[in-house]
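Trainee: sequence first, predicted coordinates after that:
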Amino acid sequence: MPKKSTLSKWGTILCVGEGVRAVRDLKALYPHKIVLADAKIADAGKILSRMCFEANADWVTVICCADINTAKGALDVAKEFNGDVQIELTGYWTWEQAQQWRDAGIQQVVYHRSRDAQAAGVAWGEADITAIKRLSDMGFKVTVTGGLALEDLPLFKGIPIHVFIAGRSIRDAESPVEAARQFKRSIAQLWG
């Protein structure tokens, strides 16, 4: 992992395959990094988020279709651990739900182009940019992920993106360290 990277996301596939042990091991290796357990919690918000936070996660994800009480429960536990919750916007969600998340105290959302949509040829489009801008205008800290390539970054210029997650683009690069550096340089150029 590049030393200058500030966030390490351990995705849903790893979380399911290895459980919270992967989170615990990663935090032990990189105690100075923010560790996001992308559990996409759909129910049992307090129980599942506690498992992640007890494994030293800094942030967890709750899937957008979860009941508002699931998100609230996860947020209550996050506060106990000085952590945070991101609502994972994969699939269908409404602006009414987004307002409920804000009203509940949720500060972060993850705008996610799904792996399956990307594989089917769905590219970042104007509807995505408009939605991301609106979420930001609502006061959310917006993370953007989902097959994010270096050439996609300019699409988001002018929007205060909180975090870009470019997992596969970096992991699958010939030189992952150099790919991470290129992302950081481009972000610095576009956002100062």
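Mentor: Ah, there it is.

Trainee: the residue lying closest to residue 92 once chain neighbours are set aside - how many residues pack around it?
Mentor: Spatially, and ignoring its direct neighbours in sequence, residue 92 is nearest to residue 65 (7.2 Å; CB to CB, 6 or more residues apart in numbering). Every residue, glycine included, has its C-beta placed from N, CA and C. Residue 65 sits with 14 neighbouring residues when counted by other CB atoms under 10 Å.

Trainee: which ones are touching residue 65?
Mentor: Listed by CB atoms under 8 Å, 6 or more residues apart in numbering, the contact set of residue 65 reads 42, 91-93.

Trainee: same check on residue 145?
Mentor: Residue 145 makes contacts with 9, 110-113, 164-167, as judged by CB under 8 Å, 6+ apart.

Trainee: before we move on, back to that, gap between the residue nearest to residue 92 and residue 148?
Mentor: Residue 65 sits 23 Å away from residue 148, taking CB to CB, to the nearest Å as the criterion.

Trainee: next one: residue 129
Mentor: Distance, residue 129 to residue 148, using CB to CB: 13 Å.

Trainee: tell me where the model's unsure across this structure.
Mentor: 1-17 (pLDDT under 70).

Trainee: mind checking which residue lies nearest the centre of it?
Mentor: Centroid-nearest residue in the chain, with CA atoms, centre = their mean: residue 110, separated by 4.6 Å.

Trainee: spit out the contact partners of it.
Mentor: If you count contacts by CB under 8 Å, 6+ apart, residue 110 has them with 61, 86-89, 142-145, 165.
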